[in-house]
Structure formats: C-alpha cells, structure tokens
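Trainee: below is the structure, and that's it, no one-letter string:
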Ligand code: 5AD
C-alpha cells in the first residue's frame, strides 16, 4: 500500500487517464477511512508518535512567533467569527508606523518572526508594502502575513516587498459547509492558496475543528488536503462559539478531537510548522498539555491592549490580559518544563521532496484496532459527530 500513498500527492498535477483516476480515488478513500478511524480511536498512541516525530525533526525546539493584530476591519461575514462585518464591535486600523515599531519591539524582546494579521479589508493593499519593506530593512525578522483573500497582484506586491509567509486557512474542505459559514466559495479560497504557493510564499492553511454540521469525513478530508497540497504551516484549532454571532449558542469543538487532528497532521505531514493555536490554548489553558499533540510553534501577542481587546474573534482569548514580555518569559519556562527548548529562530520550513507518511498512521490504527475493536463502532462515531451537529438549523 505504501507506494500508493506517493501517488495521491501528485493528484492535482498529473494528467492521467480514467483508470488511474479511479485508482487515485480508491487510494484517497482508503486514506480518508484510515484517518477517520484514527480520529475515533483513543489519542495516546497518536500523541506519543507525533511528539517523537516533532522532537526528532525540530530537535526539541518550539519556535516562538510574535503576532500583531493590526486591524479588525473586515468585509467578510463568517458565521463563526466575532469580528465579522455585521458584529457590533468598535473597529480600529493601526497606523503603519505603529506596526513597524511593534515589529521592531518584537525583535528586541527575542522573536524571530512577526505575524501581521488583520480582518480582510483593502485599507492596507498599498501601504503594507512599505510596512514590510521597513521591517525587512530594520530587522532580521521573517514576515508572515495573514490578511485574507487578495488578488494575485496584491500577493505579488507584498511578496516583492519582502514578505516570507502567508496564512490563509481553508477552515473546512467541505464546499457546502464553507459556503454556508462564510457565504464565499471554497474554490476561490484554494485559488488564493495556489497563488500563494506559486509566488513562493511559505504557505499556511488549517481548519476549525467542531464546526456545526462538520462530519468526521470532512475533517479527514482536511488532513488529506494538507498532505496533498504540501502546505508549510497548519493552524488547527477548536471552534469556539462567540457571542453576537449566529453560532453563539452552539457547542464548542472538542479539545481531544482537535489534538488528534494536530497529531495526525504531524504524523502525516512530518516537518510542517504547526502552532499550538490560540484557540486551542484558550480551551486548554496555558499548560504543558498544549505541546502534547506534536505542535512545534507558539505565538505571543504583542498588540497593545487597547486594540487586542477589540480583536475578539472568539471570547476568552488567552492572550488578552498578558503583557508581552512577562508572557514570553512564562511561556519559555513552560516550554522548558516540558523538556523542550524555546527558540527565537526564524524557523522556516525547508522545502525538499515531500513524501507524506501514511504508513506510520496505518500501523497505529492497526494496533489500536486490535486493542479495542468496539471503539470504531458506529455508536462511537455518532457520539463524536453529535458534538458538532446541534446547530444545523442555524446554518
Ligand atoms: N472559533 C475558532 N476559531 C476561529 N477563527 C475565527 N473565528 C473562530 C471561532 N469562533 C479562526 C479562523 C481564522 C483564524 C484567524 O481564527 O480559523 O482563520
């Protein structure tokens, strides 16, 4: 079966006849059912294996990145998001000079990467070029952008100004669910991801786990997509219902399930950068468990309080009340207490030939299946899926 796995990865690039297409579909189905099983089974073995792979590849390092949430102005109206266009929240847009100063400050206190994140708006389409140039000229930071869907031209301008990486999560690979939640097209989102990869950005995707109506099958497809597209970064977090949104009364995504999604992604995609997302840390707390599933990155928020309190994508965000320097010191101690090494390096992904590792996953699933036959039952599956079902009427 192993040689099959390599083939699926060239899915979207290889021109093939119908027979091979059938063959690839068969392989994709096999992978999906493998991942679905892994999602239902107990997590311990997955976590152990994910940590082993992470520690070997990154030599026990956890990369610290700083994030500046520079504007909460957003033209999108995503049902899950607390800064959606129709949310009643005071809007802000930081001045360009302020953003540059904060990035410099982030380097001064020991970070090697700055993430510039905002709602999707066109305020900065031109001016971000200068911001990026200034940061690149005055610091040695890697610059990651996370500003939503843009034209190829805008992505290109930002890249030419010096941006290194871009985060744009697919959120879910179920096109109907994506449409219902965002009122936008998943095809367009993937066209943006393709543009970013073509422009040579280190490109990040990821998903939200436990969205209303999301099936295990959808989550399995997310993971297959992560491998198929060979993304460099994966942001994987639980759904957290936010007041003032249509999904405010829905159940939150399951933490254990989210951690399994991270562990499986680590096992399959090996050397990708995977943060312990703020959403996961919000649900788990800033405790050692956040690194238990194989994450190798953590982001510290350097946005001034007056702004970050308004960047409420979801409630209870762990970072809001901490002051950047003391948070950083505490996080370094926490990392060390897990036997890991905090690192302020840039931590870029080295792109080489990529061969996803489904073999290890298959071995673990086989082992677990032998241990606990009953756990893959339909009842268990439904129990997990029910977690995500109770808001269907709202969508
Ligand atoms: N719960 C969890 N994650 C969310 N995001 C936005 N709203 C929520 C929510 N309610 C995530 C999205 C987005 C990232 C910046 O935050 O995945 O890409």
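Mentor: Structure's in. What do you need? Just so we're clear, the structure is a prediction, and the values are computed from it rather than from any experiment.

Trainee: up against the ligand, what does the stretch 101-250 of the chain have?
Mentor: Counting by C-beta under 6 Å from any ligand atom, the residues of the stretch 101-250 of the chain close to the ligand are 169, 171, 208, 237, 239-240, 242. C-beta here means a position set from N, CA and C on the backbone, and glycine is covered the same way.

Trainee: now the strands: where do they sit in the stretch 1-150 of the chain?
Mentor: Ranges of strands in the stretch 1-150 of the chain, per DSSP state E, counting those that start in this stretch, are 61-71, 113-118, 142-146.

Trainee: mind listing what the closest residue to residue 31 other than its chain neighbours touches?
Mentor: Spatial nearest neighbour of residue 31, excluding adjacent residues (C-beta to C-beta, 6 or more residues apart in numbering): residue 224 at 5.4 Å. By C-beta atoms under 8 Å, 6 or more residues apart in numbering, the contact set of residue 224 is 8, 28, 31-32, 35.

Trainee: ok so residue 224 is a strand residue?
Mentor: No: counting by DSSP: H, G, I helix; E, B strand; the rest coil, one finds residue 224 to be helix, located in no strand.

Trainee: by contact count, what packs against the host helix or strand of residue 334?
Mentor: Element membership of residue 334, judged by DSSP states H and E, is helix 324-337. Applying 3 or more C-beta pairs under 8 Å, 6 or more residues apart in numbering; DSSP states H and E, we find helix 324-337 packed against strand 61-71, strand 297-301, strand 341-343.

Trainee: need these in CSV with mean pLDDT, can you?
Mentor: Shown next, in CSV, are those (pLDDT from 0 to 100):
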stretch, mean pLDDT
strand 61-71, 98
strand 297-301, 97
strand 341-343, 98
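
Trainee: and the angle from the helix holding residue 334 to strand 61-71?
Mentor: Between helix 324-337 and strand 61-71, the angle comes out at 150 degrees (axes from the mean of the first three to the mean of the last three C-alpha atoms, to 10 degrees).

Trainee: average pLDDT for helix 324-337?
Mentor: Helix 324-337 carries an average pLDDT of 97.

Trainee: packing partners for the helix or strand that contains residue 197?
Mentor: Assessed by DSSP H and E, residue 197 sits inside helix 186-198. Contacts defined by 3+ C-beta pairs under 8 Å, 6+ apart place helix 186-198 against helix 152-160, helix 175-182, strand 202-209.

Trainee: tell me which of those is the most buried.
Mentor: Mean neighbour count (mean count of other C-beta atoms under 10 Å) peaks for strand 202-209 among these, with a mean of 25.

Trainee: now it and strand 113-118, what's the angle there?
Mentor: 60 degrees.

Trainee: re earlier: now render the residues of the stretch 101-250 of the chain next to the ligand as TSV, adding pLDDT and secondary structure.
Mentor: Shown next, in TSV, are these (pLDDT from 0 to 100; DSSP: H, G, I helix; E, B strand; the rest coil):
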residue	pLDDT	secondary structure
169	98	coil
171	98	strand
208	98	strand
237	97	strand
239	97	coil
240	97	coil
242	97	coil
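
Trainee: which one of those is nearest residue 81?
Mentor: Here the nearest of those to residue 81, counting by C-beta to C-beta, is residue 242; it sits at 6.9 Å.

Trainee: what sits closest to that closest one if chain neighbours are left out?
Mentor: Residue 242 sits nearest to residue 82 (C-beta to C-beta, 6+ apart), 3.8 Å away.

Trainee: which residues touch that neighbour?
Mentor: With contact set as C-beta under 8 Å, 6+ apart, residue 82 has these partners: 89, 242-245, 312-315.

Trainee: from those residues, which land in strands?
Mentor: Taking DSSP state E, every one of the contacts of residue 82 sits outside strands.

Trainee: just the buried residues of these.
Mentor: 242, 245, 312-314 (16 or more other C-beta atoms under 10 Å).

Trainee: check the gap between residue 194 and residue 268 for me.
Mentor: 21 Å (C-beta to C-beta, to the nearest Å).

Trainee: looking at these two, which one has more neighbours?
Mentor: Here residue 194 and residue 268 are compared on neighbour count by other C-beta atoms under 10 Å; more neighbours surround residue 268, at 25 against 14.

Trainee: and the pLDDT at the residue nearest to residue 31?
Mentor: 95.

Trainee: can you check residue 41 too?
Mentor: With respect to pLDDT, residue 41 has a value of 88.

Trainee: for stretch 120-133, the distance to its chain's centre please.
Mentor: Chain-centre distance of stretch 120-133: 23 Å, with C-alpha atoms, centre = their mean, to the nearest Å.

Trainee: endpoints of it, how far apart?
Mentor: Taking C-alpha to C-alpha, to the nearest Å, stretch 120-133 runs 21 Å from one end to the other.

Trainee: neighbouring contacts of that stretch?
Mentor: The contact list for stretch 120-133 (C-beta under 8 Å, 6+ apart) reads 70-71, 73-76, 93, 96, 99-100, 116, 118, 143, 145, 147-150, 154, 157-158, 160-163.

Trainee: buried residues in it?
Mentor: By neighbour count on 16+ other C-beta under 10 Å, the buried set for stretch 120-133 is 120-121, 124, 128-129, 131-133.

Trainee: so which of those is the closest to residue 176?
Mentor: When these are compared against residue 176 (criterion: C-beta to C-beta), the nearest one is residue 120, at 21.5 Å.
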